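> how would this look folded up:
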Amino acid sequence: MQVKMAYDFTPEQLAGMLEFIEESLEAELWEIPKMNLLLLTLMRAFDPSPTYRPMSVHLQARSRLQIRTNDLNCPDPLLQMAKAAELIHPGRSDTIVTLCMPTNIQQFFDASYDTRNLEEIWKKAIRRNAKVTGTKMLGRAINVAMFYLRKELASPTFVENLKTMTDHELIEHFADMLDKEDIGYIYSEAWKAMSMIYVWHDGERPDAADLTAVPPRATHGPEESIRRDLRLYTKLGAGILIRHVLVDVVMKSVNDEDITPSSSTAG
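Presented below is the predicted three-dimensional model:
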């Protein structure tokens, strides 16, 4: 069963929420998103699509790091992996460290070199880089959320639909509004370590194994499944964040107990 949110705003509450959005913009608590539209020209169906490089390649590369004994800095490949891991495991620093750290860093050094302190330095750097990535993604998600809520709360259609929407429908509504440029903007920090062009390229990748069928046919293969999953994950993730901004920030800004939803269930 799904829970219907049943938000029914008075004109005063709507005006108060829209006023809050405008005032917070003036106070520079959020900003109008600045999209990288040039990136879209690289993801059309007729544009070259990047080569697929699975995460396993990067995981295996951890054992081939080039380390200088006098360099205590965490290697850049591990920090890049932390950015990508934060996208998939937001806020789960222990999981991210486990994914990014080599199983034994002693292999990079002379047997007499004590790596215990160095290991802690690397782990701390990975956690910090993941946290910075997550903070930047959240900040950009808030910008996009406020930008769209500014329009949606002024729309009589959305306000009316909100009275009967389930929480899941609300998230899907926000996710469906988002374009490639929105996804590129929100997750731009993570896309520095992952290829947005690969994930969002308009062309499809046939599964070569299926070309042996009779008659030969091209269907969605493993790469296309990965691309679809990442598209869905990033869009729904952004939809969830926009929903949180609406319910936990904008609605609460009017500080009115009557705004609390009356819940009912839908089969």
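> By mean pLDDT, flag the weakest helix or strand of this structure.
strand 264-266 (a mean of 46; mean pLDDT, DSSP states H and E).
> after the one helix or strand residue 172 maps to, next one along is what?
Per DSSP states H and E: residue 172 is located in helix 167-177. Remark: after helix 167-177, the chain's next helix or strand is helix 180-186, criterion DSSP H and E.
> For that next one, list every residue counted as buried.
Neighbour counts over helix 180-186 (16 or more other Cβ atoms under 10 Å) mark 180, 181, 182, 183, 184, 185, 186 as buried. In this view, the C-beta of every residue, glycine as well, is placed from N, C-alpha and C.
> Then stretch 157-175?
Buried residues in stretch 157-175, defined by neighbour count with 16+ other Cβ under 10 Å: 159, 162, 165, 166, 167, 169, 170, 171, 172, 173, 174, 175.
> And these, which is closest to residue 251?
residue 162 (10.4 Å; Cβ to Cβ).
> ok, that closest one touching residue 156?
No: contact criterion Cβ atoms under 8 Å: residue 162 and residue 156 do not qualify, at 10.6 Å.
> model confidence over the longest helix along the chain, on average?
Once the chain is assigned using DSSP state H, the helix that runs over the most residues is helix 116-152. Here helix 116-152 scores 93 as its mean pLDDT.
> Just list what it packs against, helices and strands only.
With contacts taken as 3 or more Cβ pairs under 8 Å, 6 or more residues apart in numbering; DSSP states H and E, helix 116-152 sits against helix 11-26, helix 76-88, helix 93-100, helix 167-177, helix 180-186, helix 188-191, helix 222-245.
> Contact partners for the residue nearest to residue 230 when sequence neighbours are not counted?
Nearest residue to residue 230, sequence neighbours excluded (Cβ to Cβ, 6 or more residues apart in numbering): residue 199, at 4.8 Å. Residue 199 is in contact with 227, 230, 231, 234, counting by Cβ atoms under 8 Å, 6 or more residues apart in numbering.
> 10 Å instead, please
Under the criterion of Cβ atoms under 10 Å, 6 or more residues apart in numbering, the neighbours of residue 199 are 43, 50, 180, 183, 187, 191, 226-231, 233-234.
> One more: residue 180?
Contacts of residue 180 by Cβ under 10 Å, 6+ apart are 35, 37, 39, 40, 43, 196, 199, 200, 202, 231, 235.
> Would you mind giving those as JSON lines with secondary structure and pLDDT added?
JSON lines is the format used below for the contacts of residue 180 (DSSP: H, G, I helix; E, B strand; the rest coil; pLDDT from 0 to 100):
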{"residue": "35", "secondary structure": "coil", "pLDDT": "82"}
{"residue": "37", "secondary structure": "helix", "pLDDT": "72"}
{"residue": "39", "secondary structure": "helix", "pLDDT": "71"}
{"residue": "40", "secondary structure": "helix", "pLDDT": "68"}
{"residue": "43", "secondary structure": "coil", "pLDDT": "73"}
{"residue": "196", "secondary structure": "helix", "pLDDT": "84"}
{"residue": "199", "secondary structure": "helix", "pLDDT": "84"}
{"residue": "200", "secondary structure": "helix", "pLDDT": "82"}
{"residue": "202", "secondary structure": "coil", "pLDDT": "80"}
{"residue": "231", "secondary structure": "helix", "pLDDT": "89"}
{"residue": "235", "secondary structure": "helix", "pLDDT": "93"}
